[in-house]
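**Student:** Build me a model from this:
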Amino acid sequence: MTCSVNFSLVRCALSHREQARPGRPRVIRSPRRTGRRRGAQVELTARSRTLGKDASRMDRGYELQTHRAEDRHWWYRGRRRVLERVIADLRLPAGARILDAGCGSGRNMVELARHGSVTGVELSDTSVCLARERAAGEVVEGSVLHMPFERDSFDLVVSLDVIEHIDDDLGALRELRRVVAPGGSLLVTVPAYQWLWSGHDEINHHRRRYTRRSLQRVVEQAGSEQVRTTYFNSLLLPAAILLRVLDRLNPKTTESSLDLWVPPEAMNWLLERPLALEAALIGHGGRSPVGLSLLSVFR
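**Tutor:** Numbering: from 1, shown residues only. Predicted structure coming up:
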């Protein structure tokens, strides 16, 4: 898998350089479904190509390392388990229109495509190219602050560990709400607890971490209503607290990307077990009162 990802990244970089020529804005239309409204129409105007001053780019080296890890790393696999249980409980309509806002390499679009027709929007040109290689759905380059989609375009919008990167998180949430259709849902995940701030947040260009109340407050200001919330990755919280303490005692760890190291298979499986247990709990309507991450559903 690593070789395949590396080859795709090189090809994406070369392709982007060759295609980065001025020209007329092109129109991309989301897939249509028989008997339903027209899919999201995407017009890549000069304004929609604006990446947004409040949306920071991840360091390229760390970005590539993330893409190499996300298929196998216990954290990404565990989060996908949690998301699958929550999305299954939403009872989306057949062929639902789904947006992955801040889709990265498109890895989550693969699972989302099981629930309907998926569109992704992503800031990084490298990630956009790799996401298109996955062929899980339409992928548009742009910022979640200025998305080139019509109002009420999607039955489900997911934004997974994205808004913590943006200075204007209220503006981003208003934009996300704008494209959710009446009766649709917005699903957001974010890192939890500002007091857990560490080198991981610095490397990832985070602006903040959240609590249930602080996330609810900003989403309600954006005009949405919280209908479900839970922390997750709770069983590893004590270990994370210890690592944060060590991180503060040794500032050099700020430049480390050890959190993306994929352990040997047996250890990787073992680290994923707590998230698998939480996914089962959440799938039965339960919630965790604490955790390293926070998941909320809004309408």
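**Student:** in the stretch 101-250 of the chain, which spans are strands?
**Tutor:** Counting by DSSP state E, counting those that start in this stretch, the stretch 101-250 of the chain has strands at residues 116-122, 138-141, 154-160, 180-191, 226-232.
**Student:** Make CSV out of those strands and add mean neighbour count, mean pLDDT and distance to Val219.
**Tutor:** For glycine as for every other residue, the C-beta is placed from the backbone atoms N, C-alpha and C. Conversion of these to CSV gives the following (neighbours: other CB atoms under 10 Å; pLDDT from 0 to 100; distance: least, CB to CB, whole Å):
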stretch, mean neighbour count, mean pLDDT, distance to Val219
strand 116-122, 25, 97, 19
strand 138-141, 22, 97, 24
strand 154-160, 25, 98, 11
strand 180-191, 20, 97, 7
strand 226-232, 19, 95, 6
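**Student:** Out of those, which is closest to Arg212?
**Tutor:** Comparison of the strands of the stretch 101-250 of the chain against Arg212 by CB to CB identifies strand 226-232 as nearest, at 5.3 Å.
**Student:** Against which helices or strands is that closest one packed?
**Tutor:** Packing partners of strand 226-232 (3 or more CB pairs under 8 Å, 6 or more residues apart in numbering; DSSP states H and E): helix 74-90, helix 212-221, helix 265-283, strand 293-298.
**Student:** ranking the ones you listed by burial, who's on top?
**Tutor:** Mean neighbour count, computed with mean count of other CB atoms under 10 Å, is highest for strand 293-298 among the helices and strands packed on strand 226-232, reaching a mean of 24.
**Student:** neighbouring strands for it, and are they parallel or not?
**Tutor:** Strand 293-298 has its sheet partners listed here by DSSP bridges as strand 180-191 (antiparallel), strand 226-232 (antiparallel).
**Student:** now it and helix 74-90, what's the angle there?
**Tutor:** Angle of strand 293-298 versus helix 74-90, following axes from the mean of the first three to the mean of the last three CA atoms, to 10 degrees, is 20 degrees.
**Student:** ok, residues contacting strand 293-298?
**Tutor:** Strand 293-298 has contacts (CB atoms under 8 Å, 6 or more residues apart in numbering) with 79, 82-83, 86, 90, 161, 177, 185-192, 210-212, 215-216, 219, 224-233.
**Student:** thinking again about what came up before, dump the strands paired with strand 293-298 into TSV; add distance to Ala69 as well.
**Tutor:** TSV is the format used below for the strands paired with strand 293-298 (distance: least, CB to CB, whole Å):
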stretch	distance to Ala69
strand 180-191	17
strand 226-232	19
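**Student:** Trp74 is nearest to which of these?
**Tutor:** That would be strand 226-232 among the strands paired with strand 293-298, by CB to CB, at 13.3 Å.
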